[in-house]
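In: Quick one: sequence plus predicted model below, questions after.
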Amino acid sequence: MPEGLDVRDAASLPLVTLTGTELIDEAVQPRPGEVVLVTGAVGGVGRSAVFAAKRLGARVIAGVKRSQKREAEALGVDQVVAIDDDADIERLPELDAIADTVDGETIAKLLPKIRKGGTLASVLGEPPAAKGRDLRVRGFVSHPDGKRLRELALAAARGQLRIPIGKRMSISEVREAHRMAQQGTEGKILLVV
């Protein structure tokens, strides 16, 4: 555990940071200068994917809800697009890849923006809307990687990667935390023993 990182806050890192980073490094594999749209960019997995894509030199577009645009601008991306706004989607440039963390109708609207032969990588499996398109489609499942997790923890300790903690709750409040998580919250919910 790196110095400067709270042990409780570190509990928010493993799954989301590895998933987002591996999604980029292993499934998207962008080259410097390629244009990559990260959907759900302000979530934990999305933030990690943005971090990884920027580290590889990609031009990163954060795809978020209209209400999250200001928060997404703080990620230091090249562009922010509201993926719940058809007019914003229409203004997107041609994409080399999409790193998808949202799926559903949204991804179906975004697929035409990927260049022929481009990449769609998703943590949610292959979207039905991608079938028959001239794309490399990669469903992705995260896996343990201690070395990579150490590097991500160091980046978090230095403030280069931030996974927001929305709420800290006692383990005795697990039912309430579960209810809140199902409704959707801003940031991670940490249960503290």
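Out: Structure received.

In: who are the neighbours in contact with residue 83?
Out: 39, 63, 64, 65, 89, 102, 106, 109, 110 (C-beta atoms under 8 Å, 6 or more residues apart in numbering). Quick note: C-beta positions are derived from backbone N, CA and C, even for glycine.

In: Which residues are in contact with the most centrally placed residue in the chain?
Out: Centroid-nearest residue in the chain, with C-alpha atoms, centre = their mean: residue 46, separated by 1.2 Å. Going by C-beta under 8 Å, 6+ apart, residue 46 touches 20, 38, 39, 40, 62, 101.

In: Please determine how far the nearest residue to the last one once chain neighbours are set aside is located from residue 89.
Out: The spatial neighbour of residue 101 that comes closest, neighbours along the chain excluded (C-beta to C-beta, 6 or more residues apart in numbering), is residue 40 at 3.7 Å. Between residue 40 and residue 89 the distance, using C-beta to C-beta, to the nearest Å, works out to 15 Å.

In: So between these two, which is more surrounded?
Out: Neighbours were counted for residue 40 and for residue 89 using other C-beta atoms under 10 Å; residue 40 has more, 24 against 18.

In: hang on, that one packs against residue 63?
Out: Yes. Between residue 40 and residue 63 there is a contact under C-beta atoms under 8 Å: 7.1 Å.

In: still on that earlier bit, widest-spaced pair of the contacts of residue 46?
Out: By the measure C-beta to C-beta, 20 and 62 form the most distant pair in those, at 12.5 Å.

In: Name the residues that touch the single longest strand found in the chain?
Out: As assigned by DSSP state E, the longest strand anywhere in the chain is strand 114-122. For strand 114-122, contacts defined as C-beta under 8 Å, 6+ apart pick out 23-24, 27-29, 94-101, 103, 107, 111, 127, 130, 133-140.

In: Return every residue with contacts to both of residue 40 and residue 63.
Out: In contact with both residue 40 and residue 63: residue 102, using C-beta under 8 Å, 6+ apart.

In: Mind checking which of the contacts of strand 114-122 are buried?
Out: Listed as buried from those are 23-24, 27-28, 95-101, 103, 107, 111, 127, 130, 135-138, 140; burial here means 16 or more other C-beta atoms under 10 Å.

In: In helices only, show me those.
Out: Counting by DSSP state H, the part of these found in helices is residue 107.

In: Which parts of this protein are strands?
Out: Ranges of strands in the chain, per DSSP E, are 35-39, 59-64, 79-82, 95-100, 114-122, 136-139, 165-170, 188-192.

In: helices or strands next to the helix or strand of the chain with the lowest mean pLDDT in the packing?
Out: Ranked by mean pLDDT, DSSP states H and E, the weakest helix or strand in the chain is helix 7-10, scoring a mean of 88. Using 3 or more C-beta pairs under 8 Å, 6 or more residues apart in numbering; DSSP states H and E, the elements in contact with helix 7-10 are helix 146-157, strand 188-192.
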